[in-house]
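>>> Predicted model and sequence below, questions to follow.
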Amino acid sequence: MDFMGMMKQAQAMQAKMQELQAELETTLVEGEAGGGVVKVTLTAKGALQKISIEPSLLKPEDAEMLEDLIVSAHAQARGKSEAAMAEKMKAITGGLQLPPGLKLPF
């Protein structure tokens, strides 16, 4: 085994992981619900950036429906952020399959 070669590979992967972290903070994904009347924008790391609500939904009697639409749009955006993260991780790890439950770098 080439220990020094392995160390260099580990350092290169660590540098790529740091780059990925920075990229995930600026990658935006959007989820929508109700045919687009509610939209949620997240970073690929899952940080909420924006909520857009069609003004016609801002009626007190529609509050519960609006809350449900926000949750639905957030869930869709979160799924997209996880998919984006997985795709970027695959590029870094060269398709290396990680054990179930092990999520890098988080």
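Structure received. Values in this document were obtained by computation on a predicted structure and should not be read as measured data.
>>> Go ahead and confirm E54 touches K39.
No - taking contacts as C-beta atoms under 8 Å, E54 lies outside contact range of K39: 9.0 Å. Yep, even glycine has a C-beta here, placed from its N, CA and C like the rest.
>>> Name the residue in the two with the higher neighbour count.
When neighbours are counted by other C-beta atoms under 10 Å, E54 and K39 differ, and K39 comes out ahead with 20 against 14.
>>> what does the model give the nearest residue to that one once chain neighbours are set aside for pLDDT?
Leaving out its chain neighbours, the residue that sits closest to K39 by C-beta to C-beta, 6 or more residues apart in numbering is S52, at 4.2 Å. pLDDT for S52: 89.
>>> For S52, grab phi and psi.
Main-chain dihedrals, S52, degrees, to the nearest 10: phi -120, psi 130.
>>> my guess is it meets A33, correct?
No - the pair S52 / A33 is not scored as a contact, 11.0 Å apart, by C-beta under 8 Å.
>>> Name the SS class of K50, please.
strand (DSSP: H, G, I helix; E, B strand; the rest coil).
>>> Run through the residues that contact it.
Neighbour list for K50: K39, V40, T41 [criterion: C-beta atoms under 8 Å, 6 or more residues apart in numbering].
>>> Please convert those to a markdown table, extending it with secondary structure.
Shown next, in a markdown table, are the contacts of K50 (three-state DSSP):
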| residue | secondary structure |
| --- | --- |
| K39 | strand |
| V40 | strand |
| T41 | strand |
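>>> which among those gets closest to E87?
Closest approach to E87 among those (C-beta to C-beta): T41, at 18.6 Å.
>>> show me what contacts that closest one?
Counting by C-beta under 8 Å, 6+ apart, T41 makes contact with L28, V29, E30, L48, Q49, K50, I51, S52, A77.
>>> run the last query once more with 7 Å
By C-beta atoms under 7 Å, 6 or more residues apart in numbering, the residues touching T41 are L28, E30, Q49, K50, A77.
>>> So which residue is smack in the middle of the chain?
S81 (2.1 Å; C-alpha atoms, centre = their mean).
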